[in-house]
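J.: heads up, no residue letters with this:
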């Protein structure tokens, strides 16, 4: 890692005739600051370093943006990366907690229960396979905890219409299930 005085050296290099800023120079100038800022969000120095590296990887892949304030762009992307990671971690923790709770609340499964559960899973899979692709995707992604906005962006659907599409998909699934297997 670069020392505290290193940023001043980089600024001096830039003002000493460098017309275009390259990624390496930006990295030397901002990596430590981005890491600190992301670290305040995610509260994990190692993860903050990874995310800061991902910000620079994104910059390298896309090229330096044609904006007046590249520094501002870097910090906006870093803030978003930190917040996205924080949201992912919160979702993961919540679902792990729910899964642990569900496992502890249930009594040990008998062979009959295991067989019934496997049959139920096969029924669901067969119906999902018969549904139109978009409806099956909606149901599967929603069952994985995707929000309406995440569903909209993932499936390129207006987030305002996700609720209606999801309700239709559930209704078609329900009707097909009853048609094949009866009410349970």
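T.: Structure's in. What do you need? Every value quoted in this text rests on a predicted model; they were computed, and no experiment measured them.
J.: roughly how far apart are residue 180 and residue 98?
T.: Separation of residue 180 from residue 98 (CB to CB, to the nearest Å): 29 Å. C-beta coordinates here come from the backbone N, C-alpha and C atoms, glycine included.
J.: my error: substitute residue 64 in the last question.
T.: Between residue 64 and residue 98 the distance is 43 Å, computed by CB to CB.
J.: again, but for residue 66
T.: The spacing between residue 66 and residue 98, counted by CB to CB, is 45 Å.
J.: more neighbours, the two?
T.: Set residue 66 next to residue 98 and count neighbours by other CB atoms under 10 Å: residue 98 wins out with 11 against 6.
J.: give me the next element, helix or strand, following the host helix or strand of the more buried one.
T.: Per DSSP states H and E: residue 98 is located in helix 70-105. Heading C-terminal from helix 70-105, the first helix or strand you meet, by DSSP H and E, is helix 111-130.
J.: buried set for that following helix?
T.: 127-128 (16 or more other CB atoms under 10 Å).
J.: mean confidence for the next helix or strand after it?
T.: Using DSSP H and E, the next helix or strand after helix 111-130 towards the C-terminus is helix 133-143. Mean pLDDT, helix 133-143: 90.
J.: so which elements touch helix 133-143?
T.: Helices and strands touching helix 133-143, by 3 or more CB pairs under 8 Å, 6 or more residues apart in numbering; DSSP states H and E, are helix 111-130, helix 148-155, helix 162-181.
J.: find the centremost residue of the protein, please.
T.: Closest to where the C-alpha atoms of the chain average out (CA atoms, centre = their mean) is residue 88, at 5.7 Å.
J.: what about residue 181, how many residues nearby?
T.: Neighbour tally, residue 181, other CB under 10 Å: 13.
J.: tell me which element the closest residue to residue 71 other than its chain neighbours falls in.
T.: With sequence-adjacent residues excluded and distances taken as CB to CB, 6 or more residues apart in numbering, residue 71 is closest to residue 30, at 6.7 Å. With secondary structure defined by DSSP H and E, residue 30 is part of helix 23-42.
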